[in-house]
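# any chance you could fold what I've pasted below:
(2 chains)
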Amino acid sequence: MSTTAVPEVAVTAVDEGFWTRVRKTGAVLLGLGVLATVLFGALATGQQARFTLSETEGGAALEINGTVGAILFGIIAAAAGAALLAGVPKRWFTLVLGVGLVAFVLSFLCWQVSAAPEGRNFMPLVNVVRGTFILALPLIFGALAGVLCERSGVVNVAIEGQLLMGAFSGALFGSISGSVWVGLVAAAIGGALISLLLAVFAIRYLVDQVVMGIVLNLLAVGVTGFLYERLMQTDATKYNSAPRFSNWEIPLLKDIPLLGPALFRGNIFLYVGLLLVLVIHIALFRTRWGLRTRSVGEHPTAADTLGVKVLRLRYRNVIMAGLVAGVGGASYTLALYSFTKNMIGGKGFIALAALIFGRWSPTGALLAALFFGFADQLATYLGAIGSSIPSQFLAMLPYLATILAVAGLVGKVRAPAADGKPYIKG
Amino acid sequence: MTNPNPVSGSPDKEPATEAQEARSEARATPPAPAGDTERAVPATAPKQPEEPRPTLGRLFLHNLWAANTVTVTVLAVLLAMLVGAVLIIVSDPEVLATYGYITARPADALNASWSVVSEAYANLFKGAVFDPDAVGFTAAMGPISETLTYTAPLVFTGLAVALAFRGGLFNIGAQGQATIGVVLAAVAGFALPLPPGVHLLVALIAGALGGALWGFIPGILKARTGAHEVINTIMLNYVAVYFLSWIIIQSGVQNPNRSDAISKPVESSAQLPRLLGADLRVHAGILVAVLATWFIAWLLNRSTLGFELRAVGENPDAARTAGISVTKTYVLVMVISGLLAGLGGSNMVLGSTANALTPLVIAQIGFDGILVALLGRVKPWGVLLAALLFGALQAGGNRMQSYSGISLELVTVLQALIVIFIAAPALVKAIFQLRAARAARLQTSLAKGW
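Below you'll find the model as predicted:
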């Protein structure tokens, strides 16, 4: 994390003795579980909480009494916390923690759903899963762009700008040509343009990469906003009416209950996004390119000594990141909405959070993006059932979770060692 | 190794060759001759004093085309406006149409381009500095008043980012700190029944404390756990945004006469007084901003804390060895930085820009503050000048939008481009073939990745 020595010393000093990281996490989880049992249990009503496996109220459903469910899942969460506190084998840590957190969320949901007004006390799981993936999609693309950049040692704060540029050029060229595929290619190139600027200034001119990212975000907001007002607002039919990808249903898979309708009747972006996670994960950890990328991100001098072309690899990775993020931007304008000013609205920064929360790995980033997407979807759902929880606080969740993760309160995250440091061949 | 004379020669010149040159010069001009045979000496004698000491004008010209701070800044602004001009041209269908037959009648295309660009930039100037057609004091001072109104908050956020930079921290959280600042300042402004003067002071202090609190969090996390302040400040920005959008719609804060997200207005007793009468928007915030600049300049360059801060910024390990508490300094830097950003936020609601909280009340002042700090070369008085330029662009941009129909986003583009060119002086140097000088290097190597 940090190059200074004092914080490191402080962290290790705490870790010695009884309060290891696992135990601290366990204590926090135990507290959450007890809180859920007592508070959610008391607030939940005796109504049934229904989790339907469809898009509506009807159909097959999982049902549980609200109070019973809140208390039961609260106790499970507390038990998981107690197990961590008592000390479980290290390889079970993630599993137990996962069970505890899911139980906590379920306890919370039992309370909320049972406390909803009569007739609305059900949760359509298909909608929730599908919404989670749709909302997570730009985060997945953005976080993958971050993985490609940062694993090779270039900090990518410009994800927001790359997504925005992708969305814009996808809409513009898709509209002009009338073809979704031209739009998709243009979107990828648009994102790559921003990342090309990042690469040139960070690698060639050694400008601080965080500074450059921030400035590029503003540049993208400015350029797209300017052209939007000048072109798209004056002649929306010509410049801002891009064709959209239709949904592709995958035979067989689409009939799986719950996951089928939520996942396998989506558009191309969903499939590409999930496929990219897999491809980049394998490429990063199983191929020559991946080994070189990681070594350049951790120790460029050593990589250079062994004959890896550090700068060329960084250029290539940063531009690939731009292509990926550009496609992510197109997932807005070539599938869902027409372009509006600053339409990414901070998703690029949540993607950055997902990248960090997912510990700079593609699969981790996917899980983090899904978690953030779920928080987002939950806020929408709770708003629809008239919950007493302000949606703004749920919207804060991704950011707060990331702060906790970075501060080392819940597990420790560590960036690639050479992330953000320009390499000067010496 | 450093070249004593910044303008002559390339910086990578070896000292050995310099010494050689000195020796060869000495050989070329031998000591005073003794005999009549050396006729050439009197002829070269008057030339000699001219070589080491050129006239002031010559020195000026020599420096003018070197890559020093001022030249690079001016050229960066010019380059940015050039790119802006290209954007204006390509986004104007009528002008673009004339390029269809540029080979047949090139004058058409050039005339059309020139007129649309020059009109836009003329309006930018008229809106920011002076409108020759203005009649009367209010109209004549209008542009300056607007510029200063936009400048004031940027000075605070720029100082906030610059101060943190000097302490080795990259505070991207000025936006969030200003947001919390504006919330507390506004709440203090409409909720507390206080007499004028005291009320304003209390509201300003509330805003500053709000910002300081939001700066303290990443500061203490950095000091205690090593968590990188860039990540944490980015995250806290968004937490602050959602907090703002939540608190606006709470009863007691939301304006009871409105259904949209807007708070009660700040009472007049808590508002910064206007400086040039009620018709002009410039308010006392700009005076506070100048005062803050002076104070930060003193703090950085004259105080013990400032020395420790710079020492930690340059090299934390060395500072620690010298007995400076690095953790304490990190926390203090972030608190003062947040305090400044909070004051900047307060300006947005206690001044004349707005008098009530809305979701977009602080606009982009936090992010603009980063650009201002970089453009001001992270020096307090430089920040003031940079904020003035950005304020002028903002004020002029408004006029450009309403008179020429050029969207305000062009100003964002210009600001971003200026800073890109500033951040890469090597690029500007290469484009204009400037001579090397050491002054133009940007001090951004302070943030070290994650």
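# only C-alpha atoms from now on, for both contacts and neighbour counts.
OK.
# kindly format the C-alpha coordinates of stretch A:58-68 as CSV.
Extracted C-alpha coordinates of stretch A:58-68, given in CSV (Å, rounded to 0.1, in the frame of the first residue of the first chain):
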residue,chain,number,x,y,z
GLY,A,58,-46.9,-15.4,-8.3
GLY,A,59,-45.1,-18.6,-9.0
ALA,A,60,-42.8,-20.7,-6.8
ALA,A,61,-41.5,-18.9,-3.8
LEU,A,62,-39.4,-19.3,-0.7
GLU,A,63,-41.3,-18.2,2.3
ILE,A,64,-40.4,-17.6,5.9
ASN,A,65,-42.0,-15.8,8.8
GLY,A,66,-40.4,-12.3,9.0
THR,A,67,-39.5,-12.4,12.7
VAL,A,68,-38.3,-16.0,12.6
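# which residues are in contact with it?
Stretch A:58-68 is contacted by residues A:40-54, A:110-111, A:113-115 when judged by C-alpha atoms under 8 Å, 6 or more residues apart in numbering or on different chains.
# helix or strand for the nearest residue to A:V157 once chain neighbours are set aside, which one?
Using C-alpha to C-alpha, 6 or more residues apart in numbering or on different chains and skipping residues adjacent in sequence, the residue nearest A:V157 is A:G213, 4.6 Å away. Taking DSSP states H and E as the definition, one finds A:G213 inside helix A:209-227.
# can you name the next helix or strand after that helix?
Per DSSP H and E, the first helix or strand lying C-terminal to helix A:209-227 is helix A:236-239.
# which parts of that following helix are buried?
A:236, A:238-239 (16 or more other C-alpha atoms under 10 Å in any protein chain shown).
# and what of stretch B:236-256?
Result for stretch B:236-256 [16+ other C-alpha under 10 Å]: buried residues B:236-249, B:253-255.
# show me the shaky parts of the chain.
Picked chain A for this. Where chain A drops to pLDDT under 70, the residues are A:1-17, A:408-413, A:426.
# wait, chain B was what I had in mind.
Short version for chain B, where the test is pLDDT under 70: B:1-54, B:63, B:65-67, B:436-450.
# around chain B, which positions in the stretch 301-426 of chain A sit nearby?
Counting by C-alpha under 8 Å from any C-alpha of the partner chain, the stretch 301-426 of chain A comes close to chain B at A:349, A:353, A:390, A:392-393, A:395-396, A:399-400, A:402-403, A:406-408, A:415, A:418-421.
# filter those residues down to the buried ones and hand me the PyMOL line.
Filtering those down to the buried ones (16+ other C-alpha under 10 Å) takes a single PyMOL command:
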select buried, chain A and resi 349+353+392+395+396+399+400+402+403+406+407+408+415+418+419+420+421
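# domain assignment for chain A?
A:5-115, A:127-406 (automatic domain parsing).
# that older thread, so which of the contacts of stretch A:58-68 are in strands?
Counted as lying in strands by DSSP state E, out of the contacts of stretch A:58-68, are A:48-52.
# the residue nearest to A:V157: neighbour count?
A:G213: 24 surrounding residues under other C-alpha atoms under 10 Å in any protein chain shown.
# return the residues of the stretch 1-150 of chain B in contact with chain A.
Near chain A, when you scan the stretch 1-150 of chain B using C-alpha under 8 Å from any C-alpha, you find B:91-92.
# residue of the stretch 1-150 of chain B with the smallest distance to chain A?
As assessed by C-alpha to the nearest C-alpha, chain A sits closest to B:S91 within the stretch 1-150 of chain B, at 6.0 Å.
# surely that residue touches A:R230?
Yes: under the criterion of C-alpha atoms under 8 Å, B:S91 makes contact with A:R230 at 6.0 Å.
# so B:F125 belongs to a helix, correct?
Yes: assessed with DSSP: H, G, I helix; E, B strand; the rest coil, B:F125 lies in a helix.
# helix, strand or coil: sort out the closest residue to it other than its chain neighbours for me.
Nearest in space to B:F125, with sequence neighbours left out and distances taken as C-alpha to C-alpha, 6+ apart, is B:G396 at 6.0 Å. At B:G396, secondary structure determined by three-state DSSP is helix.
# I'd guessed B:G396 sits against B:L124; true?
Yes: the criterion here is C-alpha under 8 Å, and B:G396 meets it with B:L124 at 4.0 Å.
# find residues that contact each of the two.
Counting by C-alpha under 8 Å, 6+ apart, nothing touches both B:G396 and B:L124.
# tell me, how many residues neighbour A:G58?
Neighbours of A:G58 using other C-alpha under 10 Å come to 11.
# pick out the residue nearest the middle of the chain.
Because you didn't say which chain, this covers chain A. The residue lying closest to the centre of chain A (C-alpha atoms, centre = their mean) is A:A369, at 2.2 Å.
# right idea, wrong chain: chain B
Short answer for chain B (C-alpha atoms, centre = their mean): B:V372, at 1.9 Å.
# quick one: buried residues of the longest helix seen in chain B?
What stands out as the longest helix in chain B, according to DSSP state H, is helix B:137-166. Residues B:139-166 are the ones in helix B:137-166 that count as buried (16+ other C-alpha under 10 Å).
# beyond that helix, next helix or strand please.
helix B:174-191.
# off-centre distance for that next one?
Here helix B:174-191 is found 22 Å from its chain centre; the criterion is C-alpha atoms, centre = their mean, to the nearest Å.
# which of the residues of the stretch 301-426 of chain A next to chain B fall within helices?
A:349, A:353, A:392-393, A:395-396, A:399-400, A:402-403, A:406.
# can you lay out those residues as TSV showing distance to A:R316?
Compiled in TSV, those are given as follows (distance: C-alpha to C-alpha, whole Å):
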residue	distance to A:R316
A:F349	23
A:A353	23
A:Q392	39
A:F393	39
A:A395	35
A:M396	35
A:Y399	30
A:L400	33
A:T402	29
A:I403	31
A:V406	28
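# among these, which one lies nearest to A:H281?
Comparing these against A:H281 with C-alpha to C-alpha places A:A353 closest, at 18.5 Å.
# pretty sure the closest one contacts A:M396?
No: the pair A:A353 / A:M396 is not scored as a contact, 11.8 Å apart, by C-alpha under 8 Å.
# surely the residue nearest to the centre of chain A touches A:F349?
No: contact between A:A369 and A:F349 fails when scored by C-alpha under 8 Å: they sit 11.5 Å apart.
# out of the domains of chain A, which one sits most buried?
Across the domains of chain A, averaging neighbours per residue (mean count of other C-alpha atoms under 10 Å in any protein chain shown) puts domain A:127-406 on top, at a mean of 23.
# for A:F245, grab phi and psi.
phi -70, psi 140 (degrees, to the nearest 10).
# I figured A:D419 hits A:R151, correct?
Yes: with contact defined as C-alpha under 8 Å, A:D419 reaches A:R151; the gap is 7.3 Å.
# any residues in contact with both of the two?
A:297-298.
# for A:G26, what are its contacts?
A:G26 touches A:80-85, A:97, counting by C-alpha under 8 Å, 6+ apart.
# near chain B too, which of these?
Answer for those near chain B: none qualify (C-alpha under 8 Å from any C-alpha).
# could you dump these into JSON lines with secondary structure added?
Listed next are these as JSON lines, based on three-state DSSP:
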{"residue": "A:A80", "secondary structure": "helix"}
{"residue": "A:G81", "secondary structure": "helix"}
{"residue": "A:A82", "secondary structure": "helix"}
{"residue": "A:A83", "secondary structure": "helix"}
{"residue": "A:L84", "secondary structure": "helix"}
{"residue": "A:L85", "secondary structure": "helix"}
{"residue": "A:L97", "secondary structure": "helix"}
